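1. Below are the sequence and a predicted model; questions follow.
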Amino acid sequence: MRASSAVLTDTSVRLWELVFPAPSVLMGRTRAAYVHLDNLIAYSKRDRDAKVDAYLACYRPDETLLLFFLRGDLVNATAIAPIGRFPIAISEALKHIRAEPERAEIAFHEASAELLAAMYAACVQTPEPLGLDPANPDTLFRGLAERKWSGVLELIGGGNVSYVRVKDGRFAGGDFAGATAGEDPRAALVRIFQPVPPEKVPRVTARAVAGLPALPAQATPALVQVFRQFVWDVTDAVEREVPGEGVKRVEKVHARLVPRYDVLRRIEVARGGEPADPICEPSHLAEAVAALVHDALQELEVVHPGIAPRVVRDAGREQRFALAAVGFFERLPWHLDW
């Protein structure tokens, strides 16, 4: 299989050659066609020994995808492409991986929660323009010390990707691609800046970001579908109460709320659409849908007191535990008796 020639933005490093820190290898880099992705995800979620913090890297012809796991649950995803780096919906990432398995490779590595947060931050946060020379480690770290800068420094040398945590300008730990077990972190850091023959000077790319205290969890495809089904059922109920006008009323409320809740662009009112899943935390999704449902049912509640809680209860009965787990019902003003 011919490797991709796609290059990481602002570097000469090919995406296909990126190597991320691998504290513990759960599955070495393998052609995607040989990997049953659904089984791997199910195993991570259900098997006690597999419920670990980890990441899956998928190398495709034009991008590298990173899927993040916490305690075995797939919680977030990002994409690295020649045009840049960005978060991506979990469902979209899985769709990309399944699209061309014969032209992709997958690696699955256990990792610390700190490393996962650093990898995610490097993909989604805007780099800080520190104006430092990454090829000269002395001036690089002296500059960080003078600024008393805190954050995550991503260093890429020869395709190896390392993450250095800095606190008030001082080295506070790191994760290094190619590091051996028990290797001193400072020795691994020095190795990044050693030139690789035939090059005479090191070619290192630095990316400084603020970092994150923890890896955020994205609303899963299953949760998104639960909320979509709920909105559809509420819309159907409103249409039954106001034939010929119900759907239009909900659509007007939806259009009014979209500027405030961008996530609603991905939650359609009528059945049949297939928009991409939103990229947001579960609490943000719950808040947006609660606002939509509240405003859509409030008018009916004025005319028919008691109808709003009945509609919510009927629409959410089957998935009430999943909805309650993200605090959805608490965001509505009506008391619900199940």
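-> Here it is on my side, so go on.

2. can you pull out the strands in this structure?
-> Using DSSP state E, the strands of the chain run over residues 24-31, 54-60, 63-70, 73-81, 84-87, 105-110, 151-157, 160-167, 170-175, 204-209.

3. To D236, which of those lies closest?
-> Among the strands of the chain, the nearest to D236 by CB to CB is strand 73-81 (31.1 Å). C-beta coordinates here come from the backbone N, C-alpha and C atoms, glycine included.

4. now that closest one and strand 63-70, what's the angle there?
-> When axes from the mean of the first three to the mean of the last three CA atoms, to 10 degrees is applied, the directions of strand 73-81 and strand 63-70 differ by 160 degrees.

5. In contact with Y163, which residues are there?
-> Neighbouring residues of Y163 by CB atoms under 8 Å, 6 or more residues apart in numbering: 21, 115, 118-119, 122, 152-155, 174-175.

6. partners of it in the sheet?
-> E154, D175 (DSSP bridges).

7. quick one: the residue lying farthest from the centre of the chain from V242, how far?
-> Outermost residue of the chain with respect to the C-alpha centroid, by CA atoms, centre = their mean, is V303; its distance is 43.0 Å. Distance from V303 to V242, counting by CB to CB, to the nearest Å: 9 Å.

8. which neighbours do the two share?
-> With contacts defined as CB under 8 Å, 6+ apart, no residue is adjacent to both V303 and V242.

9. which stretches of the protein have low pLDDT?
-> Where the chain drops to pLDDT under 70, the residues are 1-4, 46-50, 196-202.

10. where along it do the helices fall?
-> Assigned by DSSP state H, the chain shows helices spanning 37-46, 90-99, 113-124, 137-147, 185-192, 221-241, 246-257, 282-303, 307-316, 320-325.

11. wait, which of the ones you listed is closest to G272?
-> Closest among these, once you apply CB to CB, is helix 221-241, at 9.4 Å.

12. For that closest one, list every residue counted as buried.
-> 223-224, 226-228, 230-239, 241 (16 or more other CB atoms under 10 Å).

13. Between those residues, which sits nearest A32?
-> Using CB to CB, V224 comes nearest to A32 of the buried residues of helix 221-241, at 24.5 Å.

14. and the closest residue to the closest one other than its chain neighbours, how far is that from D184?
-> Once flanking residues are discounted, V224 sits nearest to D277: 4.8 Å by CB to CB, 6 or more residues apart in numbering. Distance of D277 to D184, given as CB to CB: 43 Å.

15. okay, those two: which has more neighbours?
-> Between D277 and D184, counting by other CB atoms under 10 Å, D277 is the more crowded of the two (23 against 9).

16. From K95, how far out is C123?
-> Taking CB to CB, one finds C123 at 18 Å from K95.

17. Between those two, which has more neighbouring residues?
-> Between C123 and K95, counted using other CB under 10 Å, C123 has the larger neighbour count: 21 against 13.

18. For the more buried one, which residues are in contact?
-> So C123 contacts 66, 78-80, 85-87 (CB under 8 Å, 6+ apart).

19. before we move on, what about D295?
-> 253, 256-257.

20. can you check R98 too?
-> So R98 contacts L37 (CB under 8 Å, 6+ apart).

21. Tell me how far it lies from E251.
-> R98 is 33 Å from E251, where distance means CB to CB.

22. ok, back up a step: using CSV, please lay out the strands of the chain together with distance to P195.
-> Shown next, in CSV, are the strands of the chain (distance: least, CB to CB, whole Å):
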stretch, distance to P195
strand 24-31, 25
strand 54-60, 25
strand 63-70, 25
strand 73-81, 25
strand 84-87, 26
strand 105-110, 26
strand 151-157, 9
strand 160-167, 13
strand 170-175, 20
strand 204-209, 10
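
23. For E268, find the nearest of those.
-> Taking the strands of the chain one by one with CB to CB, strand 84-87 is closest: 21.2 Å.

24. What pairs with that closest one, parallel or antiparallel?
-> strand 73-81 (antiparallel).

25. Show me which of the contacts of Y163 is closest to I307.
-> M119 (48.2 Å).

26. ok, the closest one - contacts?
-> M119 neighbours (CB under 8 Å, 6+ apart): 20, 55, 66, 68, 78, 111, 163.

27. okay if I get those as JSON lines plus distance to F193?
-> Putting the contacts of M119 into JSON lines (distance: CB to CB, whole Å) gives the following:
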{"residue": "F20", "distance to F193": "19"}
{"residue": "Y55", "distance to F193": "25"}
{"residue": "L66", "distance to F193": "25"}
{"residue": "F68", "distance to F193": "28"}
{"residue": "T78", "distance to F193": "26"}
{"residue": "A111", "distance to F193": "24"}
{"residue": "Y163", "distance to F193": "15"}
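
28. now, which of those residues sits nearest D337?
-> After measuring the contacts of M119 against D337 - CB to CB - the closest member comes out as F68, at 39.0 Å.

29. how close does that closest one get to P129?
-> Look at F68 and P129: by CB to CB, they are 27 Å apart.

30. quick one: which of these two has more around it?
-> F68 (25 against 7).

31. Quick one: residues contacting that one.
-> F68 neighbours (CB under 8 Å, 6+ apart): 54-55, 74-78, 116, 119-120, 215.
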